[in-house]
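Student: Predicted model, plus sequence, below.
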Amino acid sequence: MQICVIVGRNHHHMTTMKKRTINRIGVAGVDIFAFVVIYLLVQLAVSFIFANYVDWIYGSDGKVTDYGFFTIYLCSMVPILLFTTRYESRRHKYSTPVMSSWRGFDPTAILWGFILLACASIALSPIKMVLPPTERAMPMGGWTLATVCILAPIFEEIIFRGRLFSMLHRSVGALSSAVITALLFGLVHGDPRVMIDGFVAGMIFSFLYIRKGSIIAPILVHMCNNAIAYAIMILSYQDKSAAQILGESVDMTIVYIVSVVVMLVGFAVVIRTLRRYGRGVAEPSAIP
C-alpha cells in the first residue's frame with residue numbers, strides 16, 4: 001500500500017511538472033510571437049512613412065542620406081523598445097529591470113568576449129564565403145558611424161538582451177533564451193553572412209549579460225565589433241575572406257586552427273554557464 005502511495009505521488013508530481021513545462025513553453029511562444037509582430041509592424045510602418053511622406057532623407061541620387069539613415073534607425077528602435085516594454089508589463093504584470101551594474105565595466109570579460117567573437121568569425125569565414133551576400137547600400141558619414149557604433153549596440157542590447165532575453169529567461173531558462181534571442185538577432189540583420197555572425201554574437205552577448213549582471217558588458221563588446229565591421233566596410237573588405245584580408249604573409253592554417261580551438265572552448269564555457277542558470281533572474285555572483 002505504501003509503495004502504491006509513493007508511486008502515485010511521484011506520478012502526480014511528474015504530471016504536474018510536465019504541465020508546468022508545457023505551460024512555460026507556451027508562454028515563451030506567445031512572447032516570441034508578440035515580439036516578432038511588434039518588430040515587423042514597426043519596421044513596416046516606419047519604412048512606409050519615410051518612403052511615402054518624408055523626402056528629405058533621400059539624396060539627389062535617390063539613396064538614403066547619412067542623417068536619414070540615423071533618423072530611420074532611431075524612429076524604428078524607440079517604438080520597438082517602448083512597445084516591447086509595454087507588452088511585457090501588460091501581459092506579465094511586471095517589467096523586468098535591465099541590469100546595468102558597474103560590474104559590466106570588466107576589461108577582462110570585455111576582452112574575452114571580443115576575442116571569442118573575432119575567433120568565431122574567422123573560424124566560420126569559410127562557411128560564410130559560400131553564402132550569397134546581400135547588397136545593402138549604407139551611407140558613409142558621421143551620423144551613420146554614430147548609428148552603427150553607438151546607437152545600434154545600445155538599443156539592440158537593451159531590446160534583445162535587456163527585454164526579450166530577460167522575459168524569456170523567466171519561462172524557459174537562460175540557455176534556451178540565449179539561443180532564441182540569438183536566432184532572432186541574427187535574422188533581423190538580413191544578410192545571410194551576417195546572420196551567422198549575429199547568432200554567434202547573440203550567444204556571447206547573452207552570456208556576458210547574465211554572467212556580469214549588467215547590460216554594459218555586451219554593449220561595449222557590441223560597440224567594438226560594429227566599429228571593426230564598419231571599418232571593414234569602408235575599406236571594401238566585406239566580401240573578402242579572412243585569408244584575403246590578412247594577406248599571404250600570415251599562415252592561415254595556424255590562424256584557423258587557433259580560432260577554431262578558441263571558439264570551441266569559449267562556447268563550451270558559454271553553454272555550460274548558461275545551463276547553470278535556471279529560470280528567473282539570478283545574481284551573477286551565485287554562479288562560480
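Tutor: Alright, I've got the coordinates. Everything numeric here is computed off the predicted structure, so don't read it as measured data. Numbers count the residues shown, from 1 in each chain.

Student: Now do the contacts for the residue nearest the centre of the chain.
Tutor: Taking CA atoms, centre = their mean as the criterion, residue 202 is the residue nearest the geometric centre of the chain, at 3.3 Å. With contacts defined as CB atoms under 8 Å, 6 or more residues apart in numbering, the neighbours of residue 202 are 160, 178, 181-186. The way it works is simple: take the backbone N, C-alpha and C, and place the C-beta from them, glycine included.

Student: how far away is it from residue 145?
Tutor: As defined by CB to CB, to the nearest Å, residue 202 lies at a distance of 23 Å from residue 145.

Student: Narrow the contacts of residue 202 to those in helices?
Tutor: Helix and strand membership here follows DSSP state H; of the contacts of residue 202, those in helices are 178, 181-186.

Student: Can you redo those residues as JSON lines, where the extra columns are neighbour count?
Tutor: Below are the ones in helices among the contacts of residue 202 laid out as JSON lines (neighbours: other CB atoms under 10 Å):
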{"residue": "178", "neighbour count": "28"}
{"residue": "181", "neighbour count": "28"}
{"residue": "182", "neighbour count": "21"}
{"residue": "183", "neighbour count": "16"}
{"residue": "184", "neighbour count": "18"}
{"residue": "185", "neighbour count": "25"}
{"residue": "186", "neighbour count": "21"}
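
Student: if we take those, which one ends up nearest to residue 128?
Tutor: Using CB to CB, residue 186 is the member of the ones in helices among the contacts of residue 202 that sits closest to residue 128, with 12.0 Å.

Student: Could you report the pLDDT at that closest one?
Tutor: Here the pLDDT value assigned to residue 186 is 93.

Student: Please name the residues that touch it.
Tutor: By CB under 8 Å, 6+ apart, residue 186 lies in contact with 194-199, 202.

Student: do residue 233 as well
Tutor: Under the contact definition (CB under 8 Å, 6+ apart), the residues listed for residue 233 are residue 138.

Student: Give me the distance between it and residue 221.
Tutor: Distance of residue 233 to residue 221, given as CB to CB: 19 Å.

Student: Likewise for residue 124?
Tutor: 17 Å.

Student: continuing past the lowest-mean-pLDDT helix or strand in the chain, what's the next helix or strand?
Tutor: For the chain, the helix or strand with the lowest mean confidence is helix 242-246, at a mean of 61 (criterion: mean pLDDT, DSSP states H and E). The C-terminal neighbour of helix 242-246 among helices and strands, as given by DSSP states H and E, is helix 252-276.

Student: Quick one: residues in contact with that following helix.
Tutor: Contacts with helix 252-276, where a contact means CB under 8 Å, 6+ apart, come from 112, 115-116, 119-120, 122-124, 174-175, 178, 203-204, 206-207, 210-211, 242-243, 246, 287.

Student: again, only using 6 Å
Tutor: Where contact means CB atoms under 6 Å, 6 or more residues apart in numbering, the residues beyond helix 252-276 that reach it are 116, 119-120, 122-123, 174-175, 178, 203, 207, 211, 243, 287.

Student: swap in stretch 112-128?
Tutor: By CB under 6 Å, 6+ apart, the residues outside stretch 112-128 that reach it are 193, 196-197, 200-201, 204, 208, 221, 224-225, 241-242, 259-260, 262-263, 266.

Student: and it, average pLDDT?
Tutor: For stretch 112-128, mean pLDDT rounds to 90.

Student: After the helix or strand containing residue 115, which helix or strand is next?
Tutor: Taking DSSP H and E as the criterion, residue 115 maps to helix 107-123. Reading on from helix 107-123 to the C-terminus, the next helix or strand found by DSSP H and E is helix 125-130.
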